[in-house]
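1. fold the stuff below for me.
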Amino acid sequence: MIENITVLVDNDSWILPYAKDLVDELNKLDKNATLAQHHDAVNAGDVCFFLGCTKIAAPSLLSKNKFNLVVHESALPQGKGFAPIAWQILEGQNEIPVCLIEACDDVDAGDIWLTDTITLNGTELACEWRELQGLISIKLAVRFVNEFGSLVPKKQTGQVSFYPRRRASDSELDVSKTLAELIPLLRTVDNEDYPAFFEHEGCKYKLEISKYE
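-> Purely as a prediction, here's the structure:
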């Protein structure tokens with residue numbers, strides 16, 4: 001029986017509103033769910049859901065709960081690491097696998113409890129596919145709580161690969177490419193935190209993108 005739940009999210013993460021919605025959904029199920037925005041605020045209990053957290057959790061943190069679960073958007077063990085949706089968009093993929101896995105000492109190496117898929121149409125900008133990412137995180141967490149008694153985790157098997165952390169420099173546009181060739185990269189940029197940019201004749205330009213309403 002799952003009763004006491006913590007949803008842990010970084011204080012400044014884009015996924016914070018979805019973490020709050022998850023807490024609300026879990027409390028509607030008569031669970032004792034709380035939101036934690038730093039590690040010290042995690043309560044001892046049954047489950048801790050890690051949303052948008054990019055650092056490996058210390059053993060002392062993991063020991064507070066029976067289950068520590070992370071949502072990762074790739075077909076694990078392929079695509080471990082950082083920003084898996086952005087990297088897969090750059091690879092031309094529209095079917096993005098999503099796994100709910102056990103947090104452990106090794107990066108994205110825990111057992112897989114649940115899987116699902118984000119289906120893109122190829123036009124979504126970052127704000128749009130992030131919304132899908134947030135919603136499916138809520139869906140998988142609620143499923144885990146509701147179906148826990150019948151779930152059996154599976155070990156990861158197959159070829160392992162890693163995605164590196166994306167940095168501001170990864171948003172640079174190659175001016176020798178056509179606009180059509182640049183669309184995948186433009187779908188991954190954030191106009192505020194890591195905007196698209198290019199350099200031309202000694203000047204650096206920022207290029208913002210949004211859908212025309």
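
2. CA atoms for contacts and neighbours, from now on please.
-> Will do.

3. buried residues in the longest helix along the chain?
-> With secondary structure taken from DSSP state H, the chain has its longest helix at helix 126-147. Under the neighbour-count criterion of 16 or more other CA atoms under 10 Å, helix 126-147 has 126-127, 129-130, 133-138, 140-142, 144-145 buried.

4. buried sites along stretch 47-60?
-> V47, C48, F49, F50, L51, G52, C53, A57.

5. go ahead and confirm the last one touches D105.
-> Yes - with contact taken as CA atoms under 8 Å, A57 and D105 are classed as touching, separated by 7.4 Å.

6. can you give me the neighbour number for T157?
-> 10 (other CA atoms under 10 Å).

7. show me where the chain has its strands.
-> 4-9, 32-36, 45-51, 65-72, 80-81, 95-102, 112-119, 162-163, 196-200, 203-207 (DSSP state E).

8. okay, the lowest-mean-pLDDT helix or strand in the chain in PDB with CA atoms only?
-> Ranking every helix and strand in the chain by mean pLDDT, DSSP states H and E puts helix 59-62 at the bottom, with a mean of 93. Provided in PDB are the C-alpha atoms of helix 59-62 (Å, rounded to 0.1, in the frame of the first residue of the first chain):
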ATOM      1  CA  PRO A  59      22.200   7.300  -0.400                       C
ATOM      2  CA  SER A  60      21.000   9.200   2.600                       C
ATOM      3  CA  LEU A  61      18.200  10.700   0.500                       C
ATOM      4  CA  LEU A  62      17.200   7.500  -1.100                       C
END
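
9. who does H200 form a beta bridge with?
-> C203 (DSSP bridges).

10. can you check the pLDDT for it?
-> You'll see H200 listed with a pLDDT of 93.

11. re earlier: out of the strands of the chain, which gets nearest to K20?
-> strand 32-36 (6.8 Å; CA to CA).

12. per-domain residue ranges of the chain.
-> In terms of domains, the chain is parsed into 4-163, 168-207 (source: automatic domain parsing).

13. nearest to E213, of those?
-> domain 4-163 (13.7 Å).

14. number of nearby residues for C99?
-> There are 23 residues near C99, going by other CA under 10 Å.

15. can you tell me how far it is from N146?
-> C99 is 17 Å from N146, where distance means CA to CA, to the nearest Å.

16. check K177 too.
-> K177 is 49 Å from N146, by CA to CA.

17. swap in E172?
-> 44 Å.

18. was I right to think F162 contacts S74?
-> No - using CA under 8 Å, F162 is not in contact with S74, being 10.3 Å away.

19. quick revisit: tell me which of the domains of the chain is the most buried.
-> domain 4-163 (a mean of 17; mean count of other CA atoms under 10 Å).

20. coming back round to it: quick one: which of the strands of the chain is nearest E181?
-> Taking these one by one with CA to CA, strand 196-200 is closest: 14.0 Å.

21. what's next to that closest one, contact-wise?
-> Residues lying outside strand 196-200 but in contact with it, judged by CA atoms under 8 Å, 6 or more residues apart in numbering, are 171-175, 186, 189-190, 204-208.

22. spatially, which two of those are the most separated?
-> The widest separation within the contacts of strand 196-200 (CA to CA) is 18.9 Å, between V175 and D190.

23. for W14, which non-adjacent residue is closest in space?
-> G52 (7.9 Å; CA to CA, 6 or more residues apart in numbering).
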